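In: Everything below, folded, please.
(one chain, ligands or ions: 1)
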Amino acid sequence: MIKPTNPESYALITWTDSLQFKACFLSFAAQVKGFVGGCRPIIRIDGAHLSGYYKGVMLTAVAIDGNKEIFVLAYEIVDTESIDSWTYFFRNLRSLFAQYESQKEDWTFISDRMRGVESALFEVFPRATRRICCQHLYSNCKAAGWSGATFHKMFWIAANAYNEYVFEKAMSKIKDFDAAAYDYLKNVEEQWSVHMLDRTVCCDHNTTNFVESFNAITKANRDMPVLTLLEAGGGEFEVRDGHVKFPVTLGNIACGCGKWQGSEIPCKHGLKVIYNQRLDPRDFVSPFYKGLLTNSLMETTSTP
Ligand SMILES: [Zn+2]
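Out: Numbering: from 1, shown residues only. Purely as a prediction, here's the structure:
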């Protein structure tokens, strides 16, 4: 359905040999066009577990636009996080960019250290730059036993240092604190301190906090079966009327103004959404107004 209704979009589903659902990858044309044409070349990748009966993982690629707002680029549902599933994800991303004539290969990816990402990225985008989320790096340090107020303070000074001088000064204090912590941080392969970041990316984020709100939005839907999950979130709109904004939900046939629910005939806000979505308003009117109910009632009563 995505391909005919959203031309040039990328939608791919794969099955197992026994025709069971295996994976799917989706990116709408507007998403990839917007990203390639207007976002900084940094992509946050993440995997979130699905909590429903069939389990699975949702892998996502999210960017940020010039207003620091999240810009979803692509998502994929797979059975588990592994080298294979991440390779499949990155290959699709690569074909997606190629479809929009972007031959760029040196994208910057920021993420936690999720299983399979490193190898998969190296295979598909060998020229990509990797950034690690400093929040995640700090947790790794904590797990290794380096914590406390002093370490916490020095770690974040080093992480947020805009120049090498400040960075080295904080690092030398970390060395005094614990030489092993210093060695560990010196050997981190991904970029993490702000002064290390590539200027051409034009983005000084060294944490993935900027997309936490995206995860918060999808959380409520992650216990749904795959098909329902992919359709989730649709049908919700906001319609401005003067100074007031009304929430309109097509699925529930409801508008914040209350008129639609009261009359079972779409209010003007509902109609705005219905026409915007190129739907037929008659489908949103109660059967009482269409004579349909009377017929079905008559049928029921005439059956002994
Ligand atoms: Zn209304």
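
In: Let me see the backbone angles for residue 166.
Out: Note on residue 166: its backbone torsions stand at phi -60, psi -40 [degrees, to the nearest 10].

In: which ones are touching it?
Out: When contacts are counted by Cβ atoms under 8 Å, 6 or more residues apart in numbering, residue 166 is found next to 157, 195. Backbone N, C-alpha and C define where each C-beta goes, glycine included.

In: same thing with the one 3 residues further on?
Out: Shown here is residue 169, whose contacts under the criterion Cβ under 8 Å, 6+ apart are residue 157.

In: how distant is whatever helix or strand it lives in from the center of its chain?
Out: Counting by DSSP states H and E, the element that carries residue 169 is helix 164-177. Distance of helix 164-177 from its chain centroid, counting by Cα atoms, centre = their mean, to the nearest Å, is 35 Å.

In: Who does the residue of the stretch 101-250 of the chain found nearest the ion form a beta bridge with?
Out: Nearest residue of the stretch 101-250 of the chain to the ion (Cβ to the ion) works out as residue 246 at 5.1 Å. When bridges are called by DSSP bridges, residue 246 pairs up with residue 239.

In: tell me the contacts of it?
Out: Applying Cβ under 8 Å, 6+ apart, the residues near residue 246 are 238-240, 255-257, 269.

In: Show me just the buried residues among the residues you listed.
Out: Neighbour-count burial (16 or more other Cβ atoms under 10 Å) applied to those gives 239, 255-257, 269.

In: Keep the residues you listed, but drop any that are not near the ion.
Out: Among the buried ones among the contacts of residue 246, the ones lying near the ion by Cβ under 5 Å from the ion are 255, 257, 269.

In: re earlier: could I get the helix holding residue 169 in CSV with only the CA atoms?
Out: Below are the C-alpha coordinates for helix 164-177, written out as CSV (Å, rounded to 0.1, in the frame of the first residue of the first chain):
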residue,chain,number,x,y,z
GLU,A,164,42.1,19.7,23.1
TYR,A,165,43.5,21.7,26.0
VAL,A,166,40.4,21.4,28.2
PHE,A,167,40.1,17.7,27.1
GLU,A,168,43.7,16.8,28.0
LYS,A,169,43.5,18.6,31.3
ALA,A,170,40.4,16.7,32.3
MET,A,171,42.0,13.5,31.1
SER,A,172,45.1,14.0,33.2
LYS,A,173,42.8,14.3,36.2
ILE,A,174,41.1,11.1,35.2
LYS,A,175,44.6,9.5,35.0
ASP,A,176,45.3,10.6,38.6
PHE,A,177,42.0,9.2,39.6
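
In: which stretches of the stretch 201-304 of the chain have low pLDDT?
Out: 210-213, 220, 231, 233-235, 292-304 (pLDDT under 70).

In: what does it have sitting close to the ion?
Out: Residues of the stretch 201-304 of the chain lying near the ion (Cβ under 5 Å from the ion): 255, 257, 267, 269.

In: Next, format those as CSV and append secondary structure.
Out: Converted to CSV, these look like this (DSSP: H, G, I helix; E, B strand; the rest coil):
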residue, secondary structure
255, strand
257, coil
267, coil
269, helix
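
In: before we move on, the earlier item: so which of the contacts of residue 246 is the closest to residue 96?
Out: Nearest to residue 96 among the contacts of residue 246, counting by Cβ to Cβ, is residue 238 at 29.1 Å.

In: dump the residue contacts of the closest one.
Out: Contacts of residue 238 by Cβ under 8 Å, 6+ apart are 245-248.

In: cool, residue 267 as well?
Out: 255, 257, 259-260.

In: if we can go back for a sec, list buried residues within the contacts of residue 238.
Out: Buried members of the contacts of residue 238, counted by 16+ other Cβ under 10 Å: 246, 248.
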